[in-house]
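Visitor: prediction below, plus the sequence it came from.
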Amino acid sequence: MISTRGRYAVRVMLDLAENNIDSCIPLKEIAARQDISKKYLEIIVKDLVLAGLVVGASGKGGGYRLARRPEEISIGEILEHTEGPLAPVACLAPDAASCPRAGACETLPLWAEYDRLTHDFFYGRRLSDLLPEKR
């Protein structure tokens, strides 16, 4: 399940894409438009900055802007940087240790297919796909 953190991260990124101007957007404006606590957004935006998805500037005229064009940012990137791996089971996580039962696990193909579907779905969608003119 995608948590509030992941859903809000997508909303913040979409807000930045929709209000894309050549200057930074203050977090308080995003919080007001999205009806999300500014304190909570500070935590989420920090992760997005660390992931290289958002650029922040402080001081007068400060705020945030996308680090890349919306066409270059996948929803999967946003979710994995805020949620962590999207793997449905621990043994399929990117940093998982080798499972001693993998060769005999009758359910592994099911989880592996689900993992591929989820990955392909979220990584196949770009932030630009959510912009109103794309609907």
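Guide: Perfect, thanks for sending it. Numbering: from 1, shown residues only.

Visitor: show me what contacts the nearest residue to Phe122 once chain neighbours are set aside?
Guide: Residue nearest to Phe122 in three dimensions, not counting chain neighbours: Gly76, with 3.6 Å by C-beta to C-beta, 6 or more residues apart in numbering. Just so you know, the C-beta spots here come from the backbone N, C-alpha and C atoms, and that holds for glycine as well. Counting by C-beta atoms under 8 Å, 6 or more residues apart in numbering, Gly76 makes contact with Leu86, His119, Phe122, Tyr123, Gly124, Arg125.

Visitor: quick one: the helices in the protein, in order.
Guide: 4-18, 27-34, 38-50, 75-83, 108-123 (DSSP state H).

Visitor: tabulate those (a markdown table), appending distance to Pro100 and mean pLDDT.
Guide: What follows is the helices of the chain, written out as a markdown table (distance: least, C-beta to C-beta, whole Å; pLDDT from 0 to 100):
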| stretch | distance to Pro100 | mean pLDDT |
| --- | --- | --- |
| helix 4-18 | 31 | 96 |
| helix 27-34 | 45 | 95 |
| helix 38-50 | 34 | 96 |
| helix 75-83 | 27 | 96 |
| helix 108-123 | 12 | 95 |
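
Visitor: make JSON lines out of the ones you listed and add distance to Ala93.
Guide: Shown next, in JSON lines, are those (distance: least, C-beta to C-beta, whole Å):
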{"stretch": "helix 4-18", "distance to Ala93": "16"}
{"stretch": "helix 27-34", "distance to Ala93": "30"}
{"stretch": "helix 38-50", "distance to Ala93": "18"}
{"stretch": "helix 75-83", "distance to Ala93": "11"}
{"stretch": "helix 108-123", "distance to Ala93": "9"}
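
Visitor: closest to Arg101 out of the ones you listed?
Guide: Across the helices of the chain, Arg101 has its closest neighbour in helix 108-123 (8.2 Å, C-beta to C-beta).

Visitor: put the alpha carbons of that closest one into CSV.
Guide: Only the C-alpha atoms of helix 108-123 are listed here, as CSV (Å, rounded to 0.1, in the frame of the first residue of the first chain):
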residue,chain,number,x,y,z
LEU,A,108,7.8,-16.7,-5.9
PRO,A,109,6.7,-16.5,-9.6
LEU,A,110,3.4,-14.9,-8.4
TRP,A,111,5.2,-12.3,-6.3
ALA,A,112,7.8,-11.7,-9.1
GLU,A,113,5.1,-11.1,-11.7
TYR,A,114,3.3,-8.7,-9.3
ASP,A,115,6.6,-6.9,-8.7
ARG,A,116,7.2,-6.5,-12.4
LEU,A,117,3.6,-5.2,-13.0
THR,A,118,3.9,-2.7,-10.2
HIS,A,119,7.4,-1.5,-11.3
ASP,A,120,6.3,-1.2,-15.0
PHE,A,121,3.1,0.6,-14.0
PHE,A,122,4.8,3.3,-11.9
TYR,A,123,8.0,3.7,-13.9
